[in-house]
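Undergrad: sequence below, structure please.
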Amino acid sequence: MPGSSMRTCTARPRTTSPAVEGWAVSTALCAAAKPMRHFTRCGFVGAACVWRRPVSYSSAGMGLANQRIMANDSCDVVVIGAGVAGLAAAGELVKAGRSVLILEARDRIGGRLWTRQEPDAAAPIELGAEFVHGYVTETFDLLHQVGKAALDTAGAHWSVRDGRLQQRTDDVFERIQKALEDANVLGEPDVSFEEFVKRSDRYGLSQEAQTFARAFVEGFDAADPARASTHSIAEEWRSGGMLDAPQFRPLGGYSSVLTALASVLDRNNTRLQLQTLVRTVRWARGHVEVGGVFLDQPFVIKASKAILTLPLGVLQLPPQAHGAVRFTPALDQKSAALAGLVSGSVLKVILRFRGPFWEQLQGGRYRDAVFFHSPGQTFPTFWTARPVQAPLLNAWAGGPKAARLSDASDSDITRQALHSLESVFGGLPPGDLQLEAAYLHNWQRDPFARGAYSYVAVGNIEARRTLGAPLEETLFFAGEATATDGEAGTVAGALQSGMRAAREVRASLARA
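TA: Numbers count the residues shown, from 1 in each chain. As a prediction, the model looks like this:
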């Protein structure tokens with residue numbers, strides 16, 4: 001790759017810094033001007049380690065330890081969910097002097113963002129969100145607050161073609177964008193992305209480009225091309241946006257963002273309750289009662305406003321389903337939006353080896369590799385920890401491939417990841433890989449997530465905006481599924497939605 005100095009971003013766009021806090025960082029992968037596109041949107045937002053017990057990132061050390069909820073407690077605003085959106089919303093409200101109670105079902109904060117620091121791993125283990133897509137002001141500002149940099153992940157992509165690994169240097173993504181423009185898809189009735197691909201040969205897309213297009217939508221959007229809205233995909237890709245921007249990783253892990261979000265919460269105005277299961281939300285204009293169970297004891301919380309940051313898959317549960325939140329009155333105004341969005345499937349397995357074996361193959365040919373692609377495999381995408389030097393490979397499957405495997409055991413999922421990896425390197429025997437550990441989390445089976453991140457179904461281009469709209473100046477909605485500026489499915493989208501919901505609440509309280 002051109003250039004030889006490591007590039008990091010420190011919270012302000014286009015700022016560079018050589019400081020890497022003791023990490024062994026490769027200098028060869030950080031200066032590429034235009035990165036290749038990833039088949040992943042791992043900036044999405046209980047973990048199962050195959051051989052180790054999970055380590056939780058909780059409220060310890062933040063001055064927000066669990067307190068017993070009183071039988072009929074009250075506050076200005078109750079926030080349901082302590083993921084990125086919920087913490088961002090709470091922080092904005094606390095800065096405005098409002099009292100906030102955050103209710104979280106898990107025994108940790110972060111939601112679909114979960115960083116684990118394993119003693120034997122040379123880099124953080126990210127079971128959820130991993131990448132910062134482009135120069136996102138909100139994310140970089142938070143990293144700046146805690147003195148963390150963001151490392152540019154630019155580097156070489158290798159793809160299996162004709163049975164062997166070849167470096168990807170083509171412009172297939174630009175050709176797909178041009179086909180979308182030539183087809184004038186936004187000026188025509190919406191169709192599934194699969195339907196568009198089937199017609200795309202008339203716009204000059206080869207069979208290989210069509211395969212790439214399907215794989216990209218599956219991997220990046222966690223979507224089924226047969227269900228995904230072409231209008232939504234075209235709007236996301238039209239201006240390039242985060243797809244054309246550099247991709248970064250927070251140095252030391254995405255948990256730095258959680259540290260920054262929690263640091264602004266004032267213990268005098270904020271309470272965080274972990275292991276708190278919300279079962280019911282009764283509401284009328286200007287009044288909310290949230291009921292549930294905390295440490296096996298029932299509770300009711302009263303507030304004038306509530307911000308709901310429940311993941312899409314949880315909101316979509318029928319009222320009588322196990323784990324559902326029952327609303328009284330029901331959220332009839334949201335039913336069409338909830339039906340028009342899909343909670344996408346993702347499986348990610350982090351494989352830790354004795355050493356980075358791929359760097360020794362073919363005379364070091366793959367030493368600068370960041371991504372490996374093997375179209376057609378169950379896990380078609382792998383990436384390294386570059387620019388951090390670590391013997392880690394992340395296996396990634398999205399969309400239908402992940403959905404089909406979601407009911408398998410963790411060990412079977414790991415075996416499938418290894419089988420796909422063997423195909424990348426020409427049938428390299430498993431013993432030569434020297435696997436030491438594997439870490440994974442099945443977000444589809446997670447009762448508090450029920451999927452990885454959202455995508456738009458055919459004919460529902462306004463669903464995100466509708467889902468995010470407040471109800472009666474009483475119920476407010478945030479989370480990546482409500483993001484509308486091309487950031488849905490990412491940490492940035494969750495952050496921005498939480499801040500937006502907080503602004504709406506503040507404006508409503510000011511009018512009261």
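
Undergrad: so L165 is in contact with W158, correct?
TA: Yes - between L165 and W158 there is a contact under CB atoms under 8 Å: 4.7 Å. (Each C-beta comes from the backbone N, C-alpha and C, glycine too.)

Undergrad: so what sits against both of the two?
TA: Common neighbours of L165 and W158 (criterion: CB atoms under 8 Å, 6 or more residues apart in numbering): Y366, F372.

Undergrad: what's the neighbour count on A96?
TA: 17 (other CB atoms under 10 Å).

Undergrad: should've said D201
TA: 13.

Undergrad: next one: G204
TA: 11.

Undergrad: can you tell me how far the residue lying closest to it once chain neighbours are set aside is from G187?
TA: In this structure, G204 finds its nearest non-sequential neighbour in A179, 6.5 Å apart by CB to CB, 6 or more residues apart in numbering. Distance from A179 to G187, counting by CB to CB, to the nearest Å: 14 Å.

Undergrad: following element in sequence after the strand or helix carrying the residue nearest to G204, please.
TA: Assigned by DSSP states H and E, A179 falls within helix 172-182. Moving toward the C-terminus from helix 172-182, the next helix or strand (DSSP H and E) is helix 193-199.

Undergrad: so how far is that following helix off the chain centroid?
TA: 26 Å (CA atoms, centre = their mean, to the nearest Å).

Undergrad: doesn't T280 make contact with F299?
TA: No - judged on CB under 8 Å, F299 makes no contact with T280 at a distance of 10.8 Å.

Undergrad: can you list residues touching both of those two?
TA: Joint contacts of F299 and T280 (CB under 8 Å, 6+ apart) are G291, G292.

Undergrad: okay, now the unreliable bits of this structure?
TA: 1-73, 239-244, 430 (pLDDT under 70).

Undergrad: walk me through the domains of it.
TA: 8-54+116-158+247-252+344-441, 72-111+257-343+453-511, 170-243 (automatic domain parsing).

Undergrad: so which residues of the stretch 251-400 of the chain form helices?
TA: Assignment of helices within the stretch 251-400 of the chain using DSSP state H, counting those that start in this stretch yields the ranges 255-263, 312-315, 335-339, 400-405.

Undergrad: which residues sit against the first one?
TA: With contact meaning CB under 8 Å, 6+ apart, helix 255-263 is reached by 57, 59, 62, 64, 84, 87-88, 91, 109-110, 113, 115, 124, 139, 142-143, 145-146, 148, 250, 491.

Undergrad: what do you get for the second one?
TA: Under the contact criterion CB under 8 Å, 6+ apart, helix 312-315 has outside partners 308, 323-325, 334, 338, 341-343, 448-451, 454, 479, 481.

Undergrad: just to revisit the earlier point, F299 and T280: which is more packed in?
TA: Applying other CB under 10 Å to F299 and T280 shows that F299 carries more neighbours, namely 22 against 15.

Undergrad: quick revisit: who's more crowded, A179 and G187?
TA: A179 (22 against 6).

Undergrad: from L351, how far off is F382?
TA: Taking CB to CB, one finds F382 at 8 Å from L351.

Undergrad: can you check A452 too?
TA: Taken as CB to CB, the span from A452 to L351 is 19 Å.

Undergrad: so between these two, which is more surrounded?
TA: A452 (31 against 22).

Undergrad: and Q166, that's in a helix?
TA: No - using DSSP: H, G, I helix; E, B strand; the rest coil, the assignment for Q166 is strand, not a helix.

Undergrad: can you tell me the SS state at the residue nearest to G323 when sequence neighbours are not counted?
TA: Sequence neighbours aside, P447 is the residue nearest to G323 in space, at 4.9 Å (criterion: CB to CB, 6+ apart). What three-state DSSP gives for P447 is coil.

Undergrad: how about stretch 278-293: buried residues?
TA: V278, V281, W283, V288, E289, V290, G291, G292 (16 or more other CB atoms under 10 Å).

Undergrad: how about those in TSV, adding distance to V257?
TA: Listed next are the buried residues of stretch 278-293 as TSV, based on distance: CB to CB, whole Å:
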residue	distance to V257
V278	24
V281	28
W283	31
V288	28
E289	32
V290	26
G291	31
G292	27
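
Undergrad: narrow those residues to those in strands?
TA: Secondary structure defined by DSSP state E assigns V278, V281, W283, V288, E289, V290, G291, G292 of the buried residues of stretch 278-293 to strands.

Undergrad: next, give me the two most distant ones among those.
TA: W283 and G292 (14.5 Å; CB to CB).

Undergrad: hmm, back to that, for the helices of the stretch 251-400 of the chain, which one ends up most surrounded?
TA: Among the helices of the stretch 251-400 of the chain, helix 312-315 has the highest mean neighbour count (mean count of other CB atoms under 10 Å), at a mean of 24.

Undergrad: mind exporting it as PDB, just the C-alpha atoms?
TA: Listed in PDB are the C-alpha atoms of helix 312-315, where the atom choice follows Å, rounded to 0.1, in the frame of the first residue of the first chain:
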ATOM      1  CA  LEU A 312     -36.500  -3.800  16.500                       C
ATOM      2  CA  GLY A 313     -36.800  -7.600  17.100                       C
ATOM      3  CA  VAL A 314     -38.100  -7.000  20.600                       C
ATOM      4  CA  LEU A 315     -40.600  -4.400  19.500                       C
END
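
Undergrad: distance from it to the middle of the chain?
TA: That offset, for helix 312-315, works out to 15 Å (CA atoms, centre = their mean).

Undergrad: cool, stretch 247-265 as well?
TA: The answer for stretch 247-265 is 14 Å, by CA atoms, centre = their mean.

Undergrad: ends of it, how far apart?
TA: 29 Å (CA to CA, to the nearest Å).

Undergrad: same thing with stretch 446-462?
TA: Per CA to CA, stretch 446-462 runs 27 Å from first to last residue.
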